[in-house]
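Asker: Please work out how this folds:
(chains A and B)
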Number of protein chains: 2
Amino acid sequence: MPPFLLALDFGGTKLSAAIIACDLLDDAYNPVETATLDWAALQREYSPPEVDAQYDIKTMLSLANDLLAGQKAAAVGVSFGGPVDAETGTVRLSHHVSGWENTPLRTLLEQELKAPVFVDNDANVAALGEHRFGAGKGFESLMYITVSTGVGGGWILNNRPWRGVESMAGEIGHTVVDPYGPLCLCGKHGCVERLASGPYMAQEARQRLQAQPERGRILRELVGNDLGKITARHLSQAAGKGDDLAWEVLERGAWALGNGIGNAANLINAQLFVLGGGVTKAGERYWQAVRTYARQSALPQITFQVEPAHLGDDAPLWGAIALAHALARDLPI
Amino acid sequence: MPPFLLALDFGGTKLSAAIIACDLLDDAYNPVETATLDWAALQREYSPPEVDAQYDIKTMLSLANDLLAGQKAAAVGVSFGGPVDAETGTVRLSHHVSGWENTPLRTLLEQELKAPVFVDNDANVAALGEHRFGAGKGFESLMYITVSTGVGGGWILNNRPWRGVESMAGEIGHTVVDPYGPLCLCGKHGCVERLASGPYMAQEARQRLQAQPERGRILRELVGNDLGKITARHLSQAAGKGDDLAWEVLERGAWALGNGIGNAANLINAQLFVLGGGVTKAGERYWQAVRTYARQSALPQITFQVEPAHLGDDAPLWGAIALAHALARDLPI
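Answerer: Alright, predicted model coming up:
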């Protein structure tokens, strides 16, 4: 067997690749020799408007070939930032980069890399990464949720990824928690994503500041009164310094996310919800609110934990390693 | 192997038992010889306030022994109307009958019947019944939802029951669809059950009739002006005859159920939702509303069907047969 596993992450704004030696993992995904994996990784950041799918694939192949240095990979795991049919390895589309519609990514990569490939969407792959190597180690069932530009999720049920019948499971961002809430891009009102994602919370803060000129002094100062600059990060900074308006918006996001988690817990009774993504760096008060609302909206008999992700932006790459590992060892994926 | 499988259903208001010959089913749960299974069943209806767990168990054992007529069962599947720890076969409690708290039902029955026993809650067992023998035959993943006195659910994921880590999965009745809605017994506002179950819809109709004395003529006539008599059945009868108030209440229930289904579809991407229980006999207009609201509240890329259950009140008994069958043949349960 060739000695390396290859992991590829087609992210929204960057491409990442990593290789690790096959024998660094045992069948339970435990690093054999070292406490943390020693991997080689390459990244290239890029600006989506200028690039397309062809560019993405070409660049990624060049990263991969640089890492492999002439060797063949034993197997390749791929995380893609958009909906994927995991069964066929076909990308449905990208929300960030043009030209990805119905691209048979697995087939293309298998031809180029001469190795078995498995492709899945980033939320599912990140869930797998956190389960095998991060916050979910040792848990049987979990949902990974990323709260960032959007709100997406992936399930691990009974130690295996649960993708749903069309690889579309995990769309917690588009579950409705407030049917009288504002309109989401998806066409529904009061989705979790519409209330809890970074850009939508920033937009909400701008609208509140415009409507209430006497409020939000700290938040205004943080962006030099240029409301267009507000991001979710400013909201948590301002809230931390006592800005009530900023906290109201963040708390509304925590409420929406917490209610989405509570509903998901009632439906699936998973042990753990792992939260990652930029918005979840909003501080202890935000976390406490998410946990409180999640607890309140689930039945008392249903117990679960809500914990921060451990792997940060690398979760999809780690998950891709787990995919490649399973593929190389013929374990179920 | 003893020639019979035994199925027991501890329902809310009746006890049922059935036996079938082991060799009437093949490993795919297809009836071997006949299109419909030929079973022997006994039932006893009872009034919960007068009875307790001891009575239930004694009566059920007497039904079982009458059916078995001195023979031993190869295996026993049990449906219980309340939360159960399926792993240990322990009943947590019954909402209808007293004295069931923490009863080790599997152990008790194994001692009495000298056969392996598997116990699960009625929604999970009914889901299994519909999957193996009813509306879900041939589908990989489904949620069974019963809309009756309460609203409960059970999952089949990848052809297997999904019970959750504490056997508590499927609680769609207590997912929140309207956070500003009325208070449910569970302590939350606007749960699916609070808006869509029979007794709560009847209560809502009574309140509307009291508040709007000029409306609901047809509904009032149906119950001879005794508003206390109103049931969900009267609502669908009155709505069918053109009573707007009755339809408003039913439609609100359909909205709540549809939104619960849409959220569940977004989270799990199951192919099929099978609806059973008395309320789902409310007619084509009700069904159309449920389907429309479910479709609207799920992402367009997520496809699913919403179909009526086939097995009616017998679904838990059929599911219990499937449990016993799996147990007898050492198939995964």
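Asker: what sits against whatever residue of the stretch 101-250 of chain A ends up closest to chain B?
Answerer: Ranked by CB to the nearest CB, the top residue of the stretch 101-250 of chain A for proximity to chain B is A:Gly164, at 2.4 Å. Every C-beta, even on glycine, is put in place using the N, C-alpha and C of the backbone. By CB atoms under 8 Å, 6 or more residues apart in numbering or on different chains, A:Gly164 lies in contact with A:Gly170, B:Ser141, B:Ile268, B:Asn269, B:Ala270, B:Ile302.
Asker: Please report the distance of the residue lying closest to the fifth one once chain neighbours are set aside from A:Leu128.
Answerer: Among residues not flanking B:Ala270 along the chain, B:Ser141 sits closest, at 4.2 Å (CB to CB, 6 or more residues apart in numbering or on different chains). Relative to A:Leu128, B:Ser141 is positioned 19 Å away (criterion: CB to CB, to the nearest Å).
Asker: Looking at those two, which is more packed in?
Answerer: A:Leu128 (32 against 23; other CB atoms under 10 Å in any protein chain shown).
Asker: Wait, a helix at that one?
Answerer: Yes. Residue state for A:Leu128 (DSSP: H, G, I helix; E, B strand; the rest coil) corresponds to a helix.
Asker: Pull the number of nearby residues for the nearest residue to it once chain neighbours are set aside.
Answerer: Of all residues not flanking A:Leu128 in the chain, A:Gly319 sits nearest, at 3.9 Å (CB to CB, 6+ apart). Per other CB under 10 Å, the neighbour tally for A:Gly319 reads 33.
Asker: Touching, A:Gly319 and A:Val119? I think so.
Answerer: No. In this structure A:Gly319 lies outside contact range of A:Val119 using CB atoms under 8 Å: 11.7 Å.
Asker: A:Glu307 in helix, strand or coil?
Answerer: A:Glu307 ends up strand, using three-state DSSP.
Asker: Next, the contact list for it, please.
Answerer: A:Glu307 sits in contact with A:Ala135, A:Leu272, A:Phe273, A:Val274, A:Leu275, where contact means CB under 8 Å, 6+ apart.
Asker: got the residues you listed as CSV, with distance to B:Val192, secondary structure and pLDDT columns?
Answerer: CSV is the format used below for the contacts of A:Glu307 (distance: CB to CB, whole Å; DSSP: H, G, I helix; E, B strand; the rest coil; pLDDT from 0 to 100):
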residue, distance to B:Val192, secondary structure, pLDDT
A:Ala135, 31, coil, 97
A:Leu272, 24, strand, 98
A:Phe273, 21, strand, 98
A:Val274, 26, strand, 98
A:Leu275, 25, strand, 98
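Asker: tell me, which of those residues make contact with chain B?
Answerer: Counting by CB under 8 Å from any CB of the partner chain, nothing from these sits close to chain B.
Asker: quick check, nearest of these to B:Asp178?
Answerer: A:Phe273 (22.9 Å; CB to CB).
Asker: ok, that closest one - contacts?
Answerer: Applying CB under 8 Å, 6+ apart, the residues near A:Phe273 are A:Leu142, A:Met143, A:Tyr144, A:Ile145, A:Ile261, A:Ala264, A:Ala265, A:Ala294, A:Phe304, A:Gln305, A:Val306, A:Glu307.
Asker: Excluding sequence neighbours, find me the nearest residue to it.
Answerer: A:Val306 (4.7 Å).
Asker: so that neighbour makes contact with A:Thr280?
Answerer: No. Contact between A:Val306 and A:Thr280 fails when scored by CB under 8 Å: they sit 10.0 Å apart.
Asker: Spit out the residues that contact the two alike.
Answerer: Listed contacts common to A:Val306 and A:Thr280 are A:Trp287; contacts here mean CB under 8 Å, 6+ apart.
Asker: Give me the pLDDT value at A:Thr34.
Answerer: At A:Thr34, the pLDDT value in this model is 39.
Asker: In JSON lines: the contacts of A:Gly164, plus pLDDT, distance to B:Ala17 and secondary structure.
Answerer: What follows is the contacts of A:Gly164, written out as JSON lines (pLDDT from 0 to 100; distance: CB to CB, whole Å; DSSP: H, G, I helix; E, B strand; the rest coil):
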{"residue": "A:Gly170", "pLDDT": "97", "distance to B:Ala17": "41", "secondary structure": "coil"}
{"residue": "B:Ser141", "pLDDT": "98", "distance to B:Ala17": "30", "secondary structure": "coil"}
{"residue": "B:Ile268", "pLDDT": "98", "distance to B:Ala17": "33", "secondary structure": "helix"}
{"residue": "B:Asn269", "pLDDT": "98", "distance to B:Ala17": "37", "secondary structure": "coil"}
{"residue": "B:Ala270", "pLDDT": "98", "distance to B:Ala17": "31", "secondary structure": "coil"}
{"residue": "B:Ile302", "pLDDT": "95", "distance to B:Ala17": "40", "secondary structure": "coil"}
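Asker: which among those gets closest to B:Glu251?
Answerer: Distances from B:Glu251 to these, taken by CB to CB, are shortest for B:Ile302, at 23.4 Å.
Asker: show me what contacts that closest one?
Answerer: Contacts of B:Ile302 by CB under 8 Å, 6+ apart are A:Gly164, A:Glu166, A:Met168, A:Glu171, B:Ala265, B:Asn266, B:Asn269.
Asker: ok, the last one to B:Arg285 distance?
Answerer: Just to be clear, that refers to B:Asn269. For B:Asn269, the distance to B:Arg285 - CB to CB - is 28 Å.
Asker: out of the two, which sits in the busier spot?
Answerer: Taking other CB under 10 Å, B:Asn269 and B:Arg285 do not tie; B:Asn269 has more neighbours (25 against 15).
Asker: what's the nearest residue to the more buried one if we skip its chain neighbours?
Answerer: Closest residue to B:Asn269 apart from its sequence neighbours, by CB to CB, 6+ apart: A:Gly164 at 2.4 Å.
Asker: how about A:Gly150, what does it touch?
Answerer: By CB under 8 Å, 6+ apart, the contact list for A:Gly150 reads A:His95, A:Gly173, A:Glu193, A:Ser197.
Asker: Scan these and report the most crowded one.
Answerer: Among these, A:Ser197 has more neighbours than the rest - 28 neighbours, counting by other CB under 10 Å.
Asker: for that residue, phi and psi?
Answerer: Phi and psi for A:Ser197, reported as degrees, to the nearest 10, are phi -80, psi 160.
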